[in-house]
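Trainee: Sequence first, predicted coordinates after that:
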Amino acid sequence: MSGVSRRNFLGGAAAAAGAVAASQLPGAGTADAATVPSADPAAKRGHRGSIKDVKHVVILMQENRSFDHYYGSLGGVRGFADRQALTYPRGGDVFAQPDLARLGTSTLSPFHMDTTRFNAQEASDLDHSWLGTHAAWNGGAWDGWVGAKGEETMGYFTRADIPWQYALADAFTICDQYFCSIQGPTTPNRLYLWTGTIDPQGQAGGPAISNPDDYLPVYNWKTYPERLQQAGVSWQVYANDEVGDGDDGWLGDYGDNPLWLFQAYHDALASSDPKVRQLADRASLRTEWKPDSGQGQNVDHVLQQFIDDCASGSLPTVSWVVAPYGYCEHPRARPADGANYTNRVLRALWENPKLWESTAVLINFDENDGFFDHIPAPFAGPGTPGEIVDGLPIGLGPRVPMTVVSPWSRGGWVNSQTHDHTSVIRFLEQVTGVREPNISDWRRAVCGDLTSCFDFDSFDPSIPKLPDTAELVAEADREKSLPAVAIPALGGQPAPITELGGRKSRTLGYRADGNLSVDTKTGQVTATVTNLGSLALPLSVYSTHRVPFVATPLLVRPGESASYPNETLLSGLRYDLALHGPDGFLRTFAGAVTLVLPHAGAIPGASVRLPKTATDAVLIRLENRGRAGERFTIRSNDHGPRKVTVLVTGGGHSELTWPTVEGRYDFTITADTDPHFAYRYAGRIGVR
């Protein structure tokens with residue numbers, strides 16, 4: 001079969017062609033406990049209360065949306081209301097991205113792609129190349145988005161625009177620290193999902209940092225499905241088998257099945273041995289495409305094999321579902337059509353209660369397209385094995401949506417553990433016992449295995465009521481007559497829309513002390529983080545006084561400490577450090593070095609220790625190594641208003657406690673005698 005880049009062919013207006021209101025089609029509509037059979041709660045009998053209850057995993061990877069672009073305004077997640085966001089020496093925070101076209105403000109903030117005013121569902125895609133994404137990354141400063149992607153990068157949706165996606169998050173578990181695997185486009189990210197690597201050493205066709213022509217064998221390393229096959233674990237790729245040349249965006253697989261790119265599958269396809277050919281059949285490879293059925297906008301037709309296997313109870317242990325372009329949500333493919341497709345995948349499972357009771361569905365997105373996300377991604381330092389290509393870190397890339405749908409993730413939770421696409425494979429490792437050696441040691445340390453998204457002691461197979469996707473598609477059809485999305489005019493820009501209210505959050509194994517020491521003899525300033533938890537802590541460290549303003553990666557493994565030694569400062573010179581990590585972890589230390597001891601004035605200092613449990617208060621120690629008294633003020637930045645003032649005499653110290661709210665804390669300590677002294681401590685006290 002000849003190679004063709006379908007995403008080039010379909011990248012324009014093809015997705016908009018021939019839209020038919022989904023209300024006329026079978027399989028469209030709501031997921032409602034009143035209309036779809038619900039599992040009997042008594043089915044909990046016989047469940048073990050462990051991951052062994054998961055008999056089937058369904059993976060649906062959609063296309064090209066960032067977390068903030070979809071969920072930045074969702075209540076209770078790290079979105080536009082994030083109070084621990086990165087700030088810049090020039091002033092402002094990461095939400096105000098430099099924009100040279102905007103004379104006056106010179107920045108552009110996230111703006112609403114309002115579907116009542118614009119044809120926003122069909123907004124075009126943006127640059128999402130290897131070099132373009134690294135330009136937005138900008139050494140970890142995370143401030144190159146508009147320059148690299150264009151002003152459209154800052155656009156976002158709200159619940160009113162994509163209500164089905166929001167309702168699904170409210171019903172199950174959403175991850176707000178899930179990153180794509182590589183700072184680059186679709187195929188490399190999908191390679192991480194199916195194989196755990198892009199072959200960075202270039203030994204088997206890599207490093208894969210761009211999209212090759214589809215359907216041609218260019219890679220030779222082993223994939224995870226091959227390992228499942230060898231272990232006797234059942235699996236299947238579900239993809240439509242019509243018109244693979246890109247003539248119809250509602251059929252085929254849009255080149256999103258990366259197994260086509262591996263020689264082993266082409267060899268299996270050419271084999272006359274049915275046992276050997278089974279590898280290609282399960283991977284959904286074929287020697288030729290079927291003709292266009294004309295049924296592409298009938299989602300039941302497109303998903304027929306998956307629907308049939310769900311109905312018959314013959315779904316394999318592991319399923320990858322690959323959508324045609326029109327349903328994959330890749331700009332300009334519409335979120336409403338993606339909701340219609342995903343809804344049908346879920347309904348197929350829900351219509352077989354026994355199957356649903358033992359199934360986990362992982363719905364993620366391969367990459368962010370060029371859409372902005374405000375959380376700087378963890379990245380590997382120079383020389384990290386398997387994580388550097390051409391002197392640049394492979395990843396992690398920007399955050400993308402991940403929704404975990406299962407009877408054990410019900411209830412509107414948020415999970416804030418660091419994950420990426422290799423986390424999906426690691427979850428499969430837990431389910432199947434089949435290990436993937438392609439995953440680098442760095443990723444295994446930094447990223448979780450998704451098990452923290454589940455509570456296997458809590459079994460709830462009830463089916464949520466979701467918005468009617470037929471109505472959403474019909475509304476998207478009506479929006480086609482609206483103008484294209486307009487960039488906000490110069491001048492004042494409204495703050496991004498953020499929903500009120502919180503969200504239940506899984507307690508994680510992040511637990512770390514982070515403090516600063518100032519050597520008053522040498523002027524050496526050192527930030528040290530001690531990991532008291534069970535999860536590795538990936539940090540990005542910023543020094544305001546270093547030019548250029550870039551991030552230094554710091555990985556602190558469980559039971560270990562790691563330090564960031566700043567340059568030695570002369571007396572009176574200022575320091576300003578910030579350490580950003582997952583689950584709201586933040587330390588900022590600003591002040592001035594005093595070398596002369598004894599000192600007639602005050603010399604403020606502070607440190608914080610975490611309590612034994614998340615319900616206890618944080619212990620604060622204030623100290624004064626000078627001779628004059630010092631007045632400290634402690635103010636809350638988040639989790640409720642609070643202010644405390646403490647006077648510490650010369651040469652003395654004082655200890656006090658600071659309450660946490662569900663294990664979370666965020667406060668800043670300042671000192672009257674040093675206008676630059678400001679130590680901020682934020683985070684969450686996880687389990688040991």
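Mentor: All right, it came through fine.
Trainee: Please make it C-alpha for all contacts and neighbour counts, starting now.
Mentor: OK.
Trainee: any idea how far Asp267 is from the closest residue to Tyr224 other than its chain neighbours?
Mentor: Distances taken as CA to CA, 6 or more residues apart in numbering put Thr195 closest to Tyr224, at 5.1 Å, once the chain neighbours are dropped. According to CA to CA, to the nearest Å, Thr195 and Asp267 sit 18 Å apart.
Trainee: who touches the top strand by length along the chain?
Mentor: Among the elements of type strand in the chain, defined by DSSP state E, the one spanning the most residues is strand 674-684. Applying CA atoms under 8 Å, 6 or more residues apart in numbering, the external contacts of strand 674-684 come out as 84, 510-511, 574, 583-592, 604, 606, 608, 614, 663-671.
Trainee: And Thr195 and Asp267? Which one has more around it.
Mentor: Here Thr195 and Asp267 are compared on neighbour count by other CA atoms under 10 Å; more neighbours surround Thr195, at 26 against 14.
Trainee: can I assume the more buried one is in contact with Tyr219?
Mentor: No - the criterion here is CA atoms under 8 Å, and Thr195 misses it with Tyr219 at 11.1 Å.
Trainee: residues touching Ala551, list them.
Mentor: Gly139, Gly140, Ala141, Ser540, Val541, Tyr542, Ser543.
Trainee: Swap in 6 Å and give it another go.
Mentor: By CA atoms under 6 Å, 6 or more residues apart in numbering, the contact set of Ala551 is Gly140, Ser540, Val541, Tyr542.
Trainee: Work out for me the element the last one sits within.
Mentor: Going back to what we said before, that points to Tyr542. Mapping Tyr542 onto the secondary structure by DSSP states H and E places it in strand 537-543.
Trainee: Export that strand to CSV, keeping only CA atoms.
Mentor: Once side chains and other backbone atoms are set aside, the C-alpha atoms of strand 537-543 remain, and they are given as CSV (Å, rounded to 0.1, in the frame of the first residue of the first chain):
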residue,chain,number,x,y,z
LEU,A,537,9.3,14.8,42.6
PRO,A,538,10.2,16.4,39.2
LEU,A,539,10.9,20.1,39.7
SER,A,540,11.7,23.0,37.5
VAL,A,541,13.9,25.6,39.2
TYR,A,542,14.1,29.2,38.1
SER,A,543,16.5,31.9,39.2
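Trainee: which intervals of the stretch 51-200 of the chain have sub-threshold pLDDT?
Mentor: Low-confidence segments of the stretch 51-200 of the chain, defined by pLDDT under 70, span residues 103-105.
Trainee: where exactly do the helices run in the stretch 251-400 of the chain?
Mentor: 263-270, 274-282, 299-302, 304-312, 335-350, 353-356 (DSSP state H, counting those that start in this stretch).
Trainee: thinking again about what came up before, dihedrals phi and psi, the residue nearest to Tyr224?
Mentor: For Thr195, the backbone dihedrals are phi -130, psi -20 (criterion: degrees, to the nearest 10).
Trainee: Who wins on neighbours among the contacts of Ala551?
Mentor: Comparing the contacts of Ala551 on neighbour count, Tyr542 comes out first with 24 neighbours (neighbours: other CA under 10 Å).
Trainee: For the strand holding Tyr542, give the mean pLDDT please.
Mentor: Strand 537-543 shows an average pLDDT of 97 in the prediction.
Trainee: After that strand, which helix or strand is next? Please name it.
Mentor: Per DSSP H and E, strand 537-543 leads on to strand 551-556 as the next helix or strand towards the C-terminus.
Trainee: helices and strands around the helix or strand just after that following strand, which ones?
Mentor: Past strand 551-556, heading to the C-terminal end, the next element that is a helix or strand (DSSP H and E) is strand 561-565. In terms of contacts (3 or more CA pairs under 6 Å, 6 or more residues apart in numbering; DSSP states H and E), strand 561-565 is packed against strand 525-531.
Trainee: pretty sure Trp320 is touching Trp235, no?
Mentor: No - look at Trp320 against Trp235 with CA atoms under 6 Å: they stay out of range, at 8.1 Å.
Trainee: packing partners for the helix or strand where Val57 lies?
Mentor: Element membership for Val57 (DSSP H and E) is strand 56-62. Strand 56-62 sits against strand 318-322, strand 359-365, with contacts defined as 3+ CA pairs under 6 Å, 6+ apart.
Trainee: okay if I get the ones you listed as TSV plus mean neighbour count, distance to Arg621 and mean pLDDT?
Mentor: Below are the helices and strands packed on strand 56-62 laid out as TSV (neighbours: other CA atoms under 10 Å; distance: least, CA to CA, whole Å; pLDDT from 0 to 100):
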stretch	mean neighbour count	distance to Arg621	mean pLDDT
strand 318-322	22	52	99
strand 359-365	23	43	99
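Trainee: could those strands go into JSON lines alongside distance to Arg286?
Mentor: Conversion of the helices and strands packed on strand 56-62 to JSON lines gives the following (distance: least, CA to CA, whole Å):
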{"stretch": "strand 318-322", "distance to Arg286": "15"}
{"stretch": "strand 359-365", "distance to Arg286": "25"}
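Trainee: To Pro382, which of those lies closest?
Mentor: In this view, those are compared for proximity to Pro382 by CA to CA, and strand 359-365 is the closest at 27.6 Å.
Trainee: ok now the closest one, how far from the chain's centre?
Mentor: Here strand 359-365 is found 13 Å from its chain centre; the criterion is CA atoms, centre = their mean, to the nearest Å.
Trainee: Run through the neighbouring helices and strands of that strand.
Mentor: On a contact count with 3+ CA pairs under 6 Å, 6+ apart, strand 359-365 meets strand 56-62, strand 402-405.
Trainee: List the pairing partners of that strand within its sheet, with orientation.
Mentor: strand 56-62 (parallel), strand 402-405 (antiparallel) (DSSP bridges).
Trainee: Out of the ones you listed, which one sits most buried?
Mentor: Stretch with highest mean neighbour count among the strands paired with strand 359-365: strand 402-405 (a mean of 26; mean count of other CA atoms under 10 Å).
Trainee: what's the next secondary structure element after it?
Mentor: Stepping forward along the backbone from strand 402-405, the first helix or strand reached (DSSP H and E) is strand 413-415.
Trainee: Enumerate every residue touching Glu63.
Mentor: If a contact means CA under 6 Å, 6+ apart, then Glu63 has Cys328, Glu329, His330, Phe365, Asp366 as its contacts.
Trainee: residue nearest the centroid of the protein?
Mentor: Tyr178 (2.5 Å; CA atoms, centre = their mean).
Trainee: I figured that one hits Ser416, correct?
Mentor: No - under the contact definition of CA under 6 Å, Tyr178 does not touch Ser416, with a separation of 7.9 Å.
Trainee: Flag the shaky bits of the stretch 301-450 of the chain, pLDDT-wise.
Mentor: For the stretch 301-450 of the chain, counting by pLDDT under 70, not a single residue falls below.
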